[in-house]
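Undergrad: Generate coordinates for the sequence data below:
(chains A and B)
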Amino acid sequence: MKTSYLADVRGLQDGSRFKAVGWVMRRRSHGRLVFLDLRDSTGLLQVAVKAGVADEASLKAASMVGRESLVEVDGLVRTEARAPGGKELTALQVRVLSGVAQDFPLRKGVGAKVLWDNRHLALRSLRVSALMKIRARLLSALRRWFEENGFTEINCPSFITAAVEGGATLFKVDYFGKTAYLTQSVQFYQEAAIFGLEKVYSVQPSFRAEKSKTKRHLTEFWHVEAEIAHAGLSDMMGVVERLVGESSIQALQQSGEELRILGRKPRLDVLEPPYERIKYSEALEILESKGVDVPWGTDLGADEERVLTEGFEKPFFLTHFPREAKAFYHRIDPSDGRVTLSADLLAPRGYGEVVGGGERIFSLEELVARIEAEGLDPKDYEWYLDLRRYGSVQHAGFGLGLERLIQWLLELKSIKTATLFPRTRARIYP
RNA sequence: GCCGGGGUAGCUCAGCCUGGUAGAGCGGCGGGCUGUUAACCCGUCGGUCAGCGGUUCAAAUCCGCUCCCCGGCGCCA
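TA: From the prediction side, this is the model:
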């Protein structure tokens, strides 16, 4: 197993002997002097292969080596201002461990289609590696936050029989001759689990067969969901703002090098909780003052959401959506029967919805009435109704789109960039 | 699903409007070059013009259909 990495040269004195193993990103041959830019998981190292220092076989190997070949270079570390990173390895010996069958299909300047068609090769870049390291740190920080705040992680099934929301966006699968679907959300299972564990969270993929073709939609995305017993809408927003704010700040603070590679300098102060809470009806007034008329009761479209979020530096909660705009399980506000106790967290500058959630109906009668009012059959929700029959408890929960959060924090043009192998309506390969 | 943009060499694109034997740069390959940073210089190879059909003496170019990619909307995290 490899035990030393390219970034290790930073800590070495000039003249130290170092054995570098990495892939050839670029080769610049001057005949009797060849530069190789090597890459490994820790970064980039420039190797200079000079006649008279390296042996002739090494010089020849270096001048002929193809891009993305795996090479081993034995050499001496040298401070060199012209080298990226400030250090260079002067080669004594170069060995090609594994060559390439043909020219590597990717280089600077290739278009989006080629990049996505070759995602299995494109992910070798320093940029993709940087993104994935930040993603991993963010996920780890989110999990740590939940653990430190008394939540238990649970794992729920991905095969389901009934819809959480509308059936139109479910992927149908053949399940031994029966029709099953891929889950869109583990919310219902979490609602069951809180009767034992009280505060639960899950991290797993959700599937949406939405025919959307936008830069903010994936058909398979990683969903961070939580459900809290003995909690109302305001409690839920308190959890969300601390979870999102503290985890994001922590992950970004740990990622200075990766942010430099990506050319991003996210502002951490705008992530500090608390976040403003704005009612749906207030949002309509804000929009009206900007010349956008939205009839009461309809959900905000992408354009309206963009106009609304443009005026904010920090993320904010949009609360109390009209019942028509939300799924049946949202609890109606006892003080205003037209609206639900719901809240979405909207990212500023047009990045839009990152979290959706709210308080759930916990009364059996109210839930049955809402299911029937939506034209659904209560028989399809028997086990879900059972939860209201035996010691029902006030509770609230939410779902966070991990890729949406990453897209906003890193200001990514497309959500596809936030995941290693994106799945969209148009792409299921590689 | 609707609307818009696109598909020409391995890649990035020009040529299409106004029909007349397929072009450039990069990459590959060969040669040169001891301080490059997407190195540079010289040479060379490289094409089902997305597919099918039509108009025409002649189609990358005009017309019709189909497929694929990108973006926007609706929907959502």
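
Undergrad: Any figure for the gap between A:G263 and RNA strand B?
TA: According to CB to the nearest atom of the strand, to the nearest Å, A:G263 and RNA strand B sit 14 Å apart. Every C-beta, even on glycine, is put in place using the N, C-alpha and C of the backbone.

Undergrad: next one: A:L121
TA: Counting by CB to the nearest atom of the strand - A:L121 and RNA strand B are separated by 12 Å.

Undergrad: do the same with A:T90
TA: Separation of A:T90 from RNA strand B (CB to the nearest atom of the strand) stands at 6 Å.

Undergrad: show me the contacts for that residue.
TA: A:V47, A:A48, A:K50, A:V53, A:G75, A:L76, A:R78 (CB atoms under 8 Å, 6 or more residues apart in numbering).

Undergrad: for A:L115, same thing?
TA: Shown in contact with A:L115 (CB under 8 Å, 6+ apart): A:L106, A:A122.

Undergrad: Under the pLDDT cut-off, which ranges of chain A? List them.
TA: Across chain A, the ranges flagged by pLDDT under 70 are A:162-168.

Undergrad: Around A:G31, how many other residues sit close by?
TA: 8 (other CB atoms under 10 Å).

Undergrad: ok, now A:T152?
TA: Residues near A:T152, counting by other CB under 10 Å, number 15.

Undergrad: For the residue nearest to it when sequence neighbours are not counted, give me the backbone phi and psi.
TA: Excluding the flanking residues, the one nearest A:T152 by CB to CB, 6 or more residues apart in numbering is A:L197, at 4.6 Å. Phi and psi for A:L197, reported as degrees, to the nearest 10, are phi -110, psi -10.

Undergrad: residue farthest from the centroid of chain A?
TA: A:G52 (49.8 Å; CA atoms, centre = their mean).

Undergrad: so how far is A:E72 from that residue?
TA: 21 Å (CB to CB, to the nearest Å).

Undergrad: and if you look at A:T340?
TA: Distance, A:T340 to A:E72, by CB to CB: 62 Å.

Undergrad: Compare the two and say which is more crowded by neighbours.
TA: Counted by other CB under 10 Å, A:T340 and A:E72 do not tie: A:T340 has more neighbours, with 28 against 15.

Undergrad: Could you pull out the helices in chain A for me?
TA: Counting by DSSP state H, chain A has helices at residues A:56-64, A:112-117, A:119-122, A:126-148, A:187-197, A:233-253, A:256-262, A:280-289, A:302-310, A:364-373, A:382-386, A:402-409.

Undergrad: pull the CA atoms of stretch A:271-283 into PDB?
TA: The C-alpha coordinates for stretch A:271-283 follow below in PDB (Å, rounded to 0.1, in the frame of the first residue of the first chain):
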ATOM      1  CA  LEU A 271     -24.600  31.200   7.700                       C
ATOM      2  CA  GLU A 272     -24.800  32.100  11.400                       C
ATOM      3  CA  PRO A 273     -28.200  31.300  12.900                       C
ATOM      4  CA  PRO A 274     -30.900  32.500  13.600                       C
ATOM      5  CA  TYR A 275     -32.600  32.900  10.200                       C
ATOM      6  CA  GLU A 276     -35.500  35.200   9.600                       C
ATOM      7  CA  ARG A 277     -39.000  33.700   9.400                       C
ATOM      8  CA  ILE A 278     -41.400  35.100   6.900                       C
ATOM      9  CA  LYS A 279     -44.900  34.100   6.400                       C
ATOM     10  CA  TYR A 280     -46.300  33.200   3.000                       C
ATOM     11  CA  SER A 281     -48.700  36.100   3.100                       C
ATOM     12  CA  GLU A 282     -45.800  38.500   4.000                       C
ATOM     13  CA  ALA A 283     -43.900  37.100   1.000                       C
END
